[in-house]
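Asks: Quick one: sequence plus predicted model below, questions after.
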Amino acid sequence: MNPKQTDRRRFLKNGAALAGLAVGASASALPAAAEPALEKVDELHLYGERSHYVTAVRNGSINNPERRLKDEPVAFGLRTPLQDSVGMITPSSLHFTISHGFEPPDIDPKEHHLLIHGMVDRPLIFSVDEIKRLPFVTRFHFVECHGNSSPRGPGGDARIAANATPQETHGFTSCSQWTGVLLSTLLKEAGVQKTATWIIAEGADEPKHSKSIPIGKAWDDALVAYGQNGEPVRPEQGFPLRLIVPGWQGINNVKWLRRIDLVDEPYMAMMETSRYPSMRLDGKSRWFEFELGPKSVITRPAGGYKMPGPGFHEITGLAWSGAGAVKRVEVSTDGGRTWKDAQLHDPIARKAHTRFSSPWTWDGKETILLSRCTDDQGTVQPTIAQVAKLWNADIDFLLKTQQVVGDFNAIQPWKVNADGSVQNALV
Amino acid sequence: MRLSKLFGGAIFLLAANVALAQTPSYSNVGRTPTKEEIQAWDISIGPDGKGLPAGQGTAKDGAPIFAAKCAVCHGAQGEGGKIGPRVVGGIADTETLTTLKPVRTVGGYWPYATSVYDFIHRAMPRDQSGTLTPNEVYALTAFILFKSGIIQEGDVLDQKTLPKVKMPNRNGFVPARFEDIPDEHKRGCTQGICP
């Protein structure tokens, strides 16, 4: 707290005390001792908390050096507890995060700027307040790690354990209502030259993450977000500015955005050349895969849940696609022999999680629950056998390889046992 | 009715895009950065060496810098430690890429030597990024490439020579041509999986 603020607070406090005395003197109202207690209660209510009976939290770890030095297990990030989710928004405090081993920077928004330069007619530098003066959009979009739901992803083997919950299988995706300025608005101000075919987006974090993005996406629907779910973007999500690249692999959504460089080729930054390409069986790597396919997961009843007994149970889950809106979700309660259309719940937004539900009366017998998503491009979520075919591999390879199977969007099976326990059946 | 409305909107948007593309619309929002500001912020290095600063270094110069500033995390010989990954590795790692446990080291996997300079400069050493001089970054890049069997101990890396270093896995990526990269649909990618 700076001295000015301290003085002001002291002044206000003294002023209030004086006012209280004055009131007491003239009208003998409340005793003066009640004042501090009231003040304390007010402070407790200034920022709301959830009920202490509600305990859903993220899990995983942030791969920090302290843990590594102590030989503690490290994973690559923190997963969203999808099994406890309702609706299609992820609370900002439960949004997944992958930090690549670094803590989020502590950025004073007054000191933060966004530079747009390179192949432009007018290089520009914006303060955060200036960005907020421009026309904005508010849109629902998911952010998903390309390794989410991969047999071996950022969370290691946890995903293919029989006792995995939706958090372990699919927790590296989250959905927010983002508010910000379309990148195209900023690019028009700068006047992009015809020779520019790519942008390099760069963060202000310790390793200054940078990512090459084709310019078509920058003109299409990328946005520079300062708002998330009705408040400023959280520090671990990129405060004060984050690039949102709807429907594309999470690594493109550069946090703590500080610079956009207009260039004429991909710049081959560390993440895009060494970490995120996916390996073919012949050893060649596919690089610069962007759009995430249609995916869905039943979040209840799902792994880790215990059916209270035979009888009615509404099935619910989330579906999404990087190509557009979810058009249809089908649910099977008999291991895929029959499928039934699920109800989609508003809002159904492009490149956003969509909540679905389907009524079910369990007969108490062992069975397999499945969900399958179709997006507005007509693309249907594949089976694991179909994914294997795209990889030119067999299912065994997908399950056994120690690398991340990028963009893995196979149908997730949950096995309901006769005793009511529910297990991950993709093992 | 609905369709024609949609199309009308699309045409209007296209026209607006073309007309407004080069014209600023909002007065007094944002300012022109100075050349010095751009220079200070612009740390991107292109695969052809665009953006590389003046300076030079050899593996011999890099050895004591590595020992002082990198070995604590990455191991004395770059073999990796508890905190930092292995940074030394060559053709033997490239041969693991067809197995169930592919190893992606700088020497065995990274396609461009310029990315090594770019990453060391922007991100290393941990918690002190941006403190290395161009000479130190060239020297550290040379040290890692020499230890990986890619260049000689006395080879001088600078603006001209670094982009010419041939990385063993340079041809290990598809699509090979940059101009084929941007449009996934033209590339025949399905469900985000490309051929």
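Replies: In hand now; what should we look at? None of the values given here were measured: they were computed from a predicted structure.
Asks: switch to C-alpha atoms for all contacts and neighbour counts from now on
Replies: Fine.
Asks: low pLDDT regions in chain B?
Replies: Low-confidence segments of chain B, defined by pLDDT under 70: B:1-22.
Asks: To what extent is the residue nearest to residue A:120 when sequence neighbours are not counted buried, counted in neighbours?
Replies: Closest residue in space to residue A:120, ignoring its immediate chain neighbours: residue A:192 at 4.4 Å, by C-alpha to C-alpha, 6 or more residues apart in numbering or on different chains. A total of 25 residues lie near residue A:192 under the criterion other C-alpha atoms under 10 Å in any protein chain shown.
Asks: Likewise for residue A:147?
Replies: Around residue A:147 there are 25 residues (other C-alpha under 10 Å).
Asks: residues touching it, list them.
Replies: With contacts defined as C-alpha atoms under 8 Å, 6 or more residues apart in numbering or on different chains, the neighbours of residue A:147 are A:153, A:154, A:172, A:404, A:405, A:406, A:407, A:408.
Asks: Make a markdown table from the residues you listed and add distance to residue A:424 and secondary structure to it.
Replies: As requested, the contacts of residue A:147 are exported to a markdown table (distance: C-alpha to C-alpha, whole Å; DSSP: H, G, I helix; E, B strand; the rest coil):
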| residue | distance to residue A:424 | secondary structure |
| --- | --- | --- |
| A:153 | 16 | strand |
| A:154 | 18 | coil |
| A:172 | 17 | coil |
| A:404 | 19 | coil |
| A:405 | 18 | coil |
| A:406 | 20 | coil |
| A:407 | 19 | coil |
| A:408 | 16 | coil |
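Asks: re earlier: okay, the residue nearest to residue A:120: pLDDT?
Replies: With respect to pLDDT, residue A:192 scores 97.
Asks: I'd like the distance between the residue of chain B found nearest chain A and residue A:408.
Replies: Chain A sits closest to residue B:123 of chain B, with a gap of 3.8 Å, by C-alpha to the nearest C-alpha. According to C-alpha to C-alpha, to the nearest Å, residue B:123 and residue A:408 sit 30 Å apart.
Asks: try residue B:53
Replies: 40 Å.
Asks: Could you check which of those two has the larger neighbour count?
Replies: A direct count of neighbours by other C-alpha under 10 Å for residue B:53 and residue A:408 places residue A:408 higher, at 26 against 15.
Asks: Would you confirm that residue B:115 contacts residue B:44?
Replies: No. Look at residue B:115 against residue B:44 with C-alpha atoms under 8 Å: they stay out of range, at 9.4 Å.
Asks: Residue A:364 against residue A:418, yeah?
Replies: Yes. At 5.8 Å, residue A:364 and residue A:418 qualify as touching, with contact defined as C-alpha under 8 Å.
Asks: where does residue A:356 land in three-state SS?
Replies: strand (DSSP: H, G, I helix; E, B strand; the rest coil).
Asks: so does stretch A:406-422 get close to chain B?
Replies: Yes. Using C-alpha under 8 Å from any C-alpha of the partner chain, stretch A:406-422 reaches chain B at A:406, A:407, A:409.
Asks: now do stretch A:57-76
Replies: Yes. Legend: contact between stretch A:57-76 and chain B by C-alpha under 8 Å from any C-alpha is shown at A:65, A:68, A:69, A:71.
Asks: Spatially nearest residue to the third one (excluding sequence neighbours)?
Replies: With C-alpha to C-alpha, 6+ apart as the criterion, residue A:69 has its nearest non-adjacent residue at 5.9 Å, and that residue is residue B:82.
Asks: Can you report phi and psi for the one you found?
Replies: Note on residue B:82: its backbone torsions stand at phi -70, psi -30 [degrees, to the nearest 10].
Asks: and residue A:423, what element?
Replies: Secondary structure assignment for residue A:423, by DSSP states H and E: strand A:422-424.
Asks: same for that strand, what does it pack against?
Replies: If contacts are counted by 3 or more C-alpha pairs under 8 Å, 6 or more residues apart in numbering or on different chains; DSSP states H and E, strand A:422-424 sits against strand A:414-416.
Asks: what's the average pLDDT for the strand it packs on?
Replies: Mean predicted lDDT for strand A:414-416 stands at 98.
Asks: Summarise which helices and strands it is packed against.
Replies: Packed next to strand A:414-416, using 3+ C-alpha pairs under 8 Å, 6+ apart, are strand A:367-375, strand A:422-424.
Asks: what would those strands look like in CSV with mean pLDDT and mean neighbour count?
Replies: Putting the helices and strands packed on strand A:414-416 into CSV (pLDDT from 0 to 100; neighbours: other C-alpha atoms under 10 Å in any protein chain shown) gives the following:
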stretch, mean pLDDT, mean neighbour count
strand A:367-375, 98, 23
strand A:422-424, 98, 25
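Asks: I'd like to know which of the ones you listed is closest to residue B:23.
Replies: strand A:367-375 (36.7 Å; C-alpha to C-alpha).
Asks: Find the centremost residue of chain A, please.
Replies: residue A:174 (3.1 Å; C-alpha atoms, centre = their mean).
Asks: State the phi and psi torsions of it.
Replies: phi -150, psi 160.
Asks: Tell me, how many residues neighbour the spatially closest residue to residue B:170 that is not a sequence neighbour?
Replies: Distances taken as C-alpha to C-alpha, 6+ apart place residue B:111 nearest to residue B:170, at 4.1 Å, with adjacent residues excluded. A total of 22 residues lie near residue B:111 under the criterion other C-alpha under 10 Å.
Asks: Next to chain B, which bits of the stretch 201-350 of chain A? Give me the list.
Replies: Checking the stretch 201-350 of chain A against chain B by C-alpha under 8 Å from any C-alpha, the hits are A:206-208, A:214, A:259, A:265-270, A:273-275, A:279-294.
Asks: still on that earlier bit, would you list the helices and strands packed on strand A:414-416 in TSV and tack on distance to residue A:246?
Replies: Output for the helices and strands packed on strand A:414-416, formatted as TSV (distance: least, C-alpha to C-alpha, whole Å):
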stretch	distance to residue A:246
strand A:367-375	15
strand A:422-424	29
